[in-house]
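1. Based on what follows, work out the 3D shape:
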Amino acid sequence: MMDEQALLERITVNPRIFGGKPIIRGRRLAVEHVLGMLAAGDTFETLLEGYPWLEPGDIRACLVYARRLVGHERVEPLILEVVP
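-> Have a look, this model is predicted:
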């Protein structure tokens, strides 16, 4: 199994493709599209059938990329004072 750094090398950015959004190996498939398809219930197999050039490592790379982004996210609670 590939380590995370090797997987993340599959994610690239090209300002001429999707306005510079992260894409898979320079192809016209954005990370957000893969994540959206997985969130909608598509399986790895469905994605691999729909995109013959796609590899399982590409899909795992999208998941690692998303986890790293969320891992750096911080949410601060907003405390509102209720005035009677």
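2. tell me, which helix in this protein spans the most residues?
-> Counting residues, the longest helix found in the chain (DSSP state H) is helix 56-71.
3. what's next to that helix, contact-wise?
-> The contact list for helix 56-71 (Cβ atoms under 8 Å, 6 or more residues apart in numbering) reads 2, 4, 7-8, 10-11, 22, 24-25, 31, 34-35, 38, 44, 47-48. No exception for glycine: its C-beta is placed from N, CA and C like everyone else's.
4. Buried ones among those residues?
-> 7-8, 10-11, 22, 24, 31, 34, 38, 47 (16 or more other Cβ atoms under 10 Å).
5. These: which two are farthest apart?
-> Spatial extent of those (Cβ to Cβ) is set by the pair 8 and 47 at 18.5 Å.
6. For the chain, give me the ranges with low pLDDT.
-> Along the chain, segments meeting pLDDT under 70 span 1-2.
7. just the helices in this protein please.
-> With helices called from DSSP H, the chain shows them at 4-8, 31-39, 44-50, 56-71.
8. could you dump the ones you listed to a markdown table with distance to residue 80?
-> Formatted as a markdown table, these follow (distance: least, Cβ to Cβ, whole Å):
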| stretch | distance to residue 80 |
| --- | --- |
| helix 4-8 | 39 |
| helix 31-39 | 32 |
| helix 44-50 | 43 |
| helix 56-71 | 26 |
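9. Those helices: which one's closest to residue 15?
-> Residue 15 sits nearest to helix 31-39 of all the helices of the chain, at 15.5 Å, using Cβ to Cβ.
10. surely residue 34 meets residue 24?
-> Yes. Contact criterion Cβ atoms under 8 Å: residue 34 and residue 24 qualify, at 7.0 Å.
11. re the thing from before, and the helices of the chain: which comes nearest residue 83?
-> Per Cβ to Cβ, nearest to residue 83 of the helices of the chain: helix 56-71, 35.5 Å.
12. Relative to the whole chain's centre, how far out is the longest helix of the chain?
-> Chain-centre distance of helix 56-71: 5 Å, with Cα atoms, centre = their mean, to the nearest Å.
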